[in-house]
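Engineer: Show me how the following folds:
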Amino acid sequence: MFLAKVTGSVVSTQKVDAMVGQKLIVVEPLRLNDKTRAELIGTGRTFICVDTVGAGEGETVLIVQGSSARFTEQTKKLPVDATIIGIVDQVNVGGAAVFKMGQ
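Structural biologist: Just a heads-up that it's a prediction; the model follows:
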């Protein structure tokens, strides 16, 4: 699993039937700032994920990849490699909050 920030969405009118109706989201993975260890920062990479929880742009989300991406009820029969499985409220590291929703 990893944390990511929702940065956009994908519109695809031509796709396999199994993917019709699936919301596709663009995310940037996050990591702990090595210098301050007080915040999450972007990695500069981009992934496309199927959204199973109704995430929106700017939100921090929890993502699974690989075979785990097909373990949700919504994705078990889909050809996907990355799935959003949660919207993050807070991240604590070393007893301190490095992320809080809305801040």
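
Engineer: which SS state does S68 fall under?
Structural biologist: Three-state call for S68 (DSSP: H, G, I helix; E, B strand; the rest coil): helix.

Engineer: what sits against it?
Structural biologist: The contact partners of S68, taken as Cβ atoms under 8 Å, 6 or more residues apart in numbering, are 1, 83. For glycine as for every other residue, the C-beta is placed from the backbone atoms N, C-alpha and C.

Engineer: ok, it to K5 distance?
Structural biologist: 20 Å (Cβ to Cβ, to the nearest Å).

Engineer: same deal with V93?
Structural biologist: Distance from V93 to K5, by Cβ to Cβ: 17 Å.

Engineer: more neighbours, these two?
Structural biologist: K5 (20 against 13; other Cβ atoms under 10 Å).

Engineer: any idea which element the more buried one lies in?
Structural biologist: Element membership for K5, per DSSP states H and E: strand 2-10.

Engineer: So for stretch 84-103, mean pLDDT?
Structural biologist: For stretch 84-103, mean pLDDT is 94.

Engineer: list the buried ones in it?
Structural biologist: 84-85, 87-88, 91, 98-99 (16 or more other Cβ atoms under 10 Å).

Engineer: so can I have JSON lines of those showing distance to E59 and secondary structure?
Structural biologist: Converted to JSON lines, the buried residues of stretch 84-103 look like this (distance: Cβ to Cβ, whole Å; DSSP: H, G, I helix; E, B strand; the rest coil):
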{"residue": "I84", "distance to E59": "9", "secondary structure": "strand"}
{"residue": "I85", "distance to E59": "13", "secondary structure": "strand"}
{"residue": "I87", "distance to E59": "6", "secondary structure": "strand"}
{"residue": "V88", "distance to E59": "8", "secondary structure": "coil"}
{"residue": "V91", "distance to E59": "13", "secondary structure": "strand"}
{"residue": "V98", "distance to E59": "16", "secondary structure": "strand"}
{"residue": "F99", "distance to E59": "11", "secondary structure": "strand"}
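
Engineer: So A18 belongs to a helix, correct?
Structural biologist: Yes - checked against three-state DSSP, A18 lies within a helix.
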